[in-house]
Every structure is written in structure tokens, then in C-alpha cells.
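Chemist: have a look; sequence and predicted model below, questions after that.
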Amino acid sequence: MNIRIGQGYDVHAFGDGDHVMLGGIRVPHERGVVAHSDGDVVIHALCDAMLGALALGDIGMHFPPSDPQWRDADSRAFLRHCEGLLRRRGWRLGNADVTIVCERPKVGPHADAMRRVLAEDLEVDMDAISIKATTSEKLGFTGRGEGIAATAVCLLVRE
Ligand SMILES: Nc1ccn([C@@H]2O[C@H](COP(=O)(O)O)[C@@H](O)[C@H]2O)c(=O)n1
Ligand SMILES: C[C@@]1(CO)OP(=O)(O)OP(=O)(O)OC[C@H]1O
């Protein structure tokens with residue numbers, strides 16, 4: 001088989017702070033997120049999608065929340081690690097598609113900056129990375145503004 005698919009999902013609760021990290025971009029917001037690392041749900045969901053495609057477990061198995069080494073970590077390091085795992089096995093990322101779920105912050109104005117950062121870390125063209133967002137129409141935990149979620153799917157390819 002020369003293609004593999006993976007999917008990932010991540011949630012962080014909002015907490016104290018003045019920004020959220022999304023796709024490696026610092027997005028100003030009146031809340032931060034509660035997390036062991038920098039709490040970047042986009043990158044965490046993307047890592048889980050890539051690890052899922054490789055059947056290599058999940059992000060918590062590679063970077064345990066119990067390990068102080070990852071406290072306040074820049075999630076881009078996790079992404080680059082996952083990229084190395086797939087490349088060493090002969091795969092490359094075909095494309096990835098991410099959906100961020102929150103009422104706020106507004107994601108649209110930052111989406112291209114996120115795509116640029118993620119494409120750089122994943123060593124692919126920017127058009128291989130899609131970032132979308134939706135509210136949940138004020139329903140559920142995202143709708144009440146209690147937290148932020150992201151889902152990701154990716155396709156791995158090899159010739
Ligand atoms: N945090 C968000 C949420 C949504 N968007 C953009 O707004 C559009 C409409 O959202 P609905 O939930 O009302 O469908 C959505 O398609 C996104 O383009 C956003 O940028 N940031
Ligand atoms: C990223 C890690 C790093 O310890 O911790 P968190 O920042 O809390 O994020 P989560 O999405 O719960 O993933 C688990 C961990 O791998």
C-alpha cells in the first residue's frame with residue numbers, strides 16, 4: 001500500500017492568559033489554555049493524525065504529560081518529531097486538513113500564517129495544508145467558550 005490515512009482530535013480548556021497558540025501562531029485572545037505544553041490543539045491533532053497513519057500510538061505516548069521535559073514545550077518540536085518518524089519510514093505527507101472548533105478567537109485571519117508554519121515544519125508546499133474553523137453555534141463546551149478543539153486528517157504517500 002502506498003497511501004495511509006490518519007485522524008486526530010484534541011481539546012484544551014480555556015484558562016488564564018492573553019493568547020492561544022494555534023498552528024504555531026500566537027493568536028491574541030482574552031483567555032489562554034490549560035495544558036502541559038503550549039497547548040496548541042492544531043499541532044496536537046495533526047501529530048495524532050500522523051501517528052495514527054503510522055500506527056505509532058498517540059502524542060501522549062511519545063511526549064508523556066508526566067514528563068517535566070515537555071512543560072511549556074513549543075508544540076512545533078512535536079510536529080517535527082512526527083515528521084521525522086514518517087520520513088524515516090519512507091513516507092511523506094500528501095496533505096492534511098484541520099478544523100478548529102471555537103466561538104472565538106476568530107481563526108480565519110490567521111489561517112494562512114498557520115499553514116505557512118506547518119508547511120515549513122512538515123517540509124511540504126503550503127497548498128498541502130488546509131486550516132478551517134467553525135463555531136459550534138454556541139452549543140456544548142466550545143459553544144459556551146469553555147475550551148477549544150481541533151480535528152485533523154492526513155494522507156501519507158510513498159512512491
Ligand atoms: N473561530 C472561528 C469560527 C468560525 N470562523 C469562520 O466563520 C465561518 C462561519 O462559522 P460558523 O460556525 O457560523 O459556520 C466559518 O466557516 C469560518 O470561516 C472563524 O474564522 N473562526
Ligand atoms: C502535548 C502533551 C505534552 O506532554 O501535553 P498537553 O500540552 O497537555 O497536550 P495534550 O493534547 O493533552 O497531549 C498530551 C501530551 O503529549
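Modeler: Perfect, I can see it now. Ligands and ions are numbered 1, 2, ... in the order given.

Chemist: quick check: closest non-adjacent residue to Ile59.
Modeler: Cys47 (4.7 Å; Cβ to Cβ, 6 or more residues apart in numbering). Quick note: C-beta positions are derived from backbone N, CA and C, even for glycine.

Chemist: just the element for Glu120, please.
Modeler: Element membership for Glu120, per DSSP states H and E: helix 111-122.

Chemist: can you list contacts of that helix?
Modeler: 22-25, 42-43, 46, 76, 79-80, 83, 93, 96, 125-126, 128-133 (Cβ atoms under 8 Å, 6 or more residues apart in numbering).

Chemist: the residues you listed in helices, which ones?
Modeler: Among the contacts of helix 111-122, the members falling in helices (DSSP state H) are Val42, Ile43, Leu46, Arg76, Leu79, Arg80, Glu83.

Chemist: quick revisit: buried sites along the helix holding Glu120?
Modeler: Of the residues in helix 111-122, Ala111, Ala113, Met114, Arg115, Val117, Leu118, Ala119, Asp121, Leu122 count as buried by neighbour count, 16 or more other Cβ atoms under 10 Å.

Chemist: ok, now stretch 22-37?
Modeler: Counting neighbours by 16+ other Cβ under 10 Å, the buried set in stretch 22-37 is Leu22, Gly23, Gly24, Ile25, Val27, His29, Arg31, Gly32, Val33, Ala35, His36, Ser37.

Chemist: who's in contact with the longest strand anywhere in the chain?
Modeler: As assigned by DSSP state E, the longest strand anywhere in the chain is strand 3-15. Applying Cβ under 8 Å, 6+ apart, the external contacts of strand 3-15 come out as 31-35, 39, 41, 44-54, 58-59, 91, 94, 141, 145-157.

Chemist: how does it look with 6 Å?
Modeler: 31-35, 39, 41, 44-45, 48-50, 52-53, 147-157 (Cβ atoms under 6 Å, 6 or more residues apart in numbering).
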